[in-house]
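>>> using only what follows, build the 3D model:
(one chain, ligands or ions: 1)
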Amino acid sequence: MAALYDINDDSTRFSEDALVQRFEAIYGVGPKPRIAAAPGRANVIGEHVDYQGGVALPFALTQRVRVVFRRRDDDRLNVVSDDAPVNEDTGYLFLKVLHKARQEDPKVSAEIDPRFLRYIAGPFVYFSSPEDVRGADILVASDVPLGAGCSSSSALVVASALAARACNPSYELRKRKDGRDAFFRSIVECEWEFSGVKGGCMDHLAIVYGRPGCVVSLDCRDEKVDAHISTDATFVLLDTRVKHDLENSPYTDRRLACERCAKELQVASLREVADEGVTKGLAMIDKIEKEVGQATANRGRHVVEEICRVRRCATLLRRGSWRDVGLILYEAHQSLRDLFEASCDELDAAVDASRSVEGILGCRMVGGGFGGAALAVCAPGTDVDRVVEDWRDLYHVDGRHEPRLLVVEPGAGAALDGAPCVSIKELWATS
Ligand code: GAF
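Sure thing, here's the model as predicted:
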């Protein structure tokens, strides 16, 4: 299929007109397709704490996944992933068949092939019943770095959830009795089922509630945003291109180790331990080391210290004390490397190299780890082009993949036809 735009020109590539034109070239002219968009996310600090009720300081990226969709009258879901005109991925399935298969064996959800299709089909099934399920024609276009620990999969799930709901307004979302956001929780649980990995809620919170120019201060225990903290710092991502892949990584092992610590301490989550303060919290972990073993205790130590680091960092962020924030980021990386063992040689090398780059104040791996990207924070006004060049030169030695460097900034949360997700949530709550 001929390219309709210049692939190197992202502003053209992702304009509404270009997306609609591309969609119509694939599916034909008809009712105007709608567009659900959801950003990737980076995280200043607060890693591997969300599933222990922790706090974190992520931000939504300006890079987004777009799901361009037109509702169908039958239950067929057609998807074309517009990675690049030369590299098209396509897939389709019948949603009634998926409904039935999932009732018989819930494991099929995480076995849908090609893989990207499960993140799209997931919400279409999760948000419907077999009787009222509606299919759609879909084009996916994204500039979120893939496999870099920037939550491209969660962004796809969130955008697809918005699209699914728009195609199927008969789906009723009830407000949860505990006052929490039912829409939000459904998206999180949908992703757990269809990815086959039970993660936390940090990514979805950042994706839904991101705000331009702001870091989002999150409380993952209560699934809420505590504050949007505006920031003028500059962030640079170095994607090592060592593929980050939650499903095939020791992520679940780490989550279970944290759960083991919490169980041994008879608390609902390690958040309660961190709330005791770092000294007392660590002393509590010391006491269970004999029962749980050193490696497991170290996972717990990371969580307790990381939650305390996030709190220190939030105060410093508000003051704009970037130099001190940077030092905490280096501390956090060391903890993820040594206590949590979620780093890898390339991420460690990226962080080490960053220490010699003038202008970088701090750096650490972001996301689940075991590959993916490192995030560096630079003081406002830093010459980022030079930072990018110097960092690349120092990192890129023989035998390593050419890294992908990206200057990133906090962007807006998810949206349907340009309207922020939050207003849609409100609409649902009252419908
Ligand atoms: C992944 C997960 F999806 C998140 O929930 C979080 O646990 C993160 O790893 C680590 O902080 O992105």
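>>> what residues sit buried inside the helix or strand in which residue 335 is found?
Take DSSP states H and E as the rule and residue 335 turns out to sit in helix 322-338. Buried residues in helix 322-338, counted by 16 or more other Cβ atoms under 10 Å: 322, 324-326, 328-333, 335-337. In short, each C-beta sits where N, CA and C put it, glycine included.
>>> near the ligand, anything from the helix or strand following it?
Downstream of helix 322-338, the next assigned helix or strand under DSSP H and E is helix 345-354. No. Helix 345-354 stays clear of the ligand (Cβ under 6 Å from any ligand atom), getting no nearer than 13.3 Å.
>>> what about the helix or strand following helix 345-354, near the ligand?
Helices and strands here follow DSSP H and E; after helix 345-354, the next one along the chain is strand 360-365. No. With Cβ under 6 Å from any ligand atom as the criterion, the ligand is not reached by strand 360-365; the gap is at least 9.6 Å.
>>> sec struct for the closest residue to the ligand within the stretch 251-400 of the chain, please.
The ligand sits closest to residue 368 of the stretch 251-400 of the chain, with a gap of 3.3 Å, by Cβ to the nearest ligand atom. Recorded secondary structure, residue 368: coil (DSSP: H, G, I helix; E, B strand; the rest coil).
>>> and it, what does it touch?
By Cβ atoms under 8 Å, 6 or more residues apart in numbering, the contact list for residue 368 reads 48, 149, 199, 244, 246, 249, 251, 342.
>>> again with residue 417
So residue 417 contacts 34, 35, 36 (Cβ under 8 Å, 6+ apart).
>>> mind redoing it with 10 Å?
By Cβ atoms under 10 Å, 6 or more residues apart in numbering, the contact list for residue 417 reads 16, 32, 34, 35, 36, 37, 162, 166, 424.
>>> neighbour-wise, which of these leads?
Taking other Cβ atoms under 10 Å as the neighbour criterion, residue 162 ranks highest of the contacts of residue 417 with 29 neighbours.
>>> quick check: closest non-adjacent residue to that one.
residue 36 (3.8 Å; Cβ to Cβ, 6 or more residues apart in numbering).
>>> and that neighbour, what are its phi and psi?
phi -100, psi 140 (degrees, to the nearest 10).
>>> identify the bridge partners of it.
Counting by DSSP bridges, residue 36 forms beta bridges with residue 67, residue 416.
>>> that one contacts residue 139, doesn't it?
No. Counting by Cβ atoms under 10 Å, residue 139 is not a contact partner of residue 36; they are 11.4 Å apart.
>>> anything in contact with each of those two?
Taking Cβ under 10 Å, 6+ apart as the criterion, residue 36 and residue 139 both touch 66, 67, 68, 69.
>>> what are the ranges of the helices in the stretch 51-200 of the chain?
Here the stretch 51-200 of the chain has its helices, by DSSP state H, counting those that start in this stretch, at 95-104, 115-126, 152-167, 182-195.
>>> export those helices to JSON lines and tack on distance to the ligand?
Listed next are the helices of the stretch 51-200 of the chain as JSON lines, based on distance: least, Cβ to the nearest ligand atom, whole Å:
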{"stretch": "helix 95-104", "distance to the ligand": "22"}
{"stretch": "helix 115-126", "distance to the ligand": "13"}
{"stretch": "helix 152-167", "distance to the ligand": "6"}
{"stretch": "helix 182-195", "distance to the ligand": "8"}
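>>> return the most buried member of the ones you listed.
Comparing the helices of the stretch 51-200 of the chain by mean neighbour count (mean count of other Cβ atoms under 10 Å), helix 152-167 comes out on top with a mean of 28.
>>> kindly export that one (C-alpha atoms) in CSV.
Taking C-alpha atoms only, helix 152-167 is exported to CSV below (Å, rounded to 0.1, in the frame of the first residue of the first chain):
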residue,chain,number,x,y,z
SER,A,152,3.1,1.3,25.0
SER,A,153,0.9,-1.7,25.8
SER,A,154,-1.1,0.0,28.6
ALA,A,155,-1.5,3.1,26.3
LEU,A,156,-3.0,0.7,23.7
VAL,A,157,-5.4,-0.8,26.2
VAL,A,158,-6.5,2.6,27.4
ALA,A,159,-7.1,3.9,23.9
SER,A,160,-8.9,0.7,23.0
ALA,A,161,-11.1,0.9,26.1
LEU,A,162,-12.2,4.4,25.0
ALA,A,163,-12.9,3.1,21.5
ALA,A,164,-14.7,0.0,22.8
ARG,A,165,-17.0,2.1,25.0
ALA,A,166,-17.8,4.5,22.1
CYS,A,167,-18.7,1.5,19.9
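>>> relative orientation of it and helix 182-195 in degrees?
Helix 152-167 and helix 182-195 are oriented at 120 degrees to each other (axes from the mean of the first three to the mean of the last three Cα atoms, to 10 degrees).
>>> and the nearest residue to residue 146 once chain neighbours are set aside, how far from residue 352?
Closest residue to residue 146 apart from its sequence neighbours, by Cβ to Cβ, 6+ apart: residue 152 at 5.3 Å. To residue 352, residue 152 is 26 Å away according to Cβ to Cβ, to the nearest Å.
>>> how about the residues of the stretch 1-150 of the chain near the ligand?
For the stretch 1-150 of the chain, the residues in contact with the ligand (Cβ under 6 Å from any ligand atom) are 47, 48, 50, 51.
>>> any chance of these in a markdown table, plus distance to residue 373?
A markdown table is the format used below for those (distance: Cβ to Cβ, whole Å):
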| residue | distance to residue 373 |
| --- | --- |
| 47 | 12 |
| 48 | 16 |
| 50 | 18 |
| 51 | 21 |
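>>> pretty sure residue 74 contacts residue 167?
No. With contact defined as Cβ under 10 Å, residue 74 does not reach residue 167; the gap is 11.7 Å.
>>> returning to what we had before: against which helices or strands is the helix holding residue 335 packed?
Using 3 or more Cβ pairs under 10 Å, 6 or more residues apart in numbering; DSSP states H and E, the elements in contact with helix 322-338 are helix 294-319, helix 345-354, strand 360-365, strand 373-378.
>>> any idea how far residue 236 is from residue 187?
With distances taken as Cβ to Cβ, residue 236 is found 29 Å from residue 187.
>>> apologies, that question was intended for residue 269.
Applying Cβ to Cβ to residue 269 and residue 187 gives a distance of 21 Å.
>>> flag the least confident of the buried residues of helix 322-338.
The member of the buried residues of helix 322-338 with the lowest pLDDT is residue 322, at 94.
>>> my guess is residue 336 contacts residue 343. True?
Yes. Here residue 336 lies in contact with residue 343, judged by Cβ under 10 Å, at a distance of 5.5 Å.
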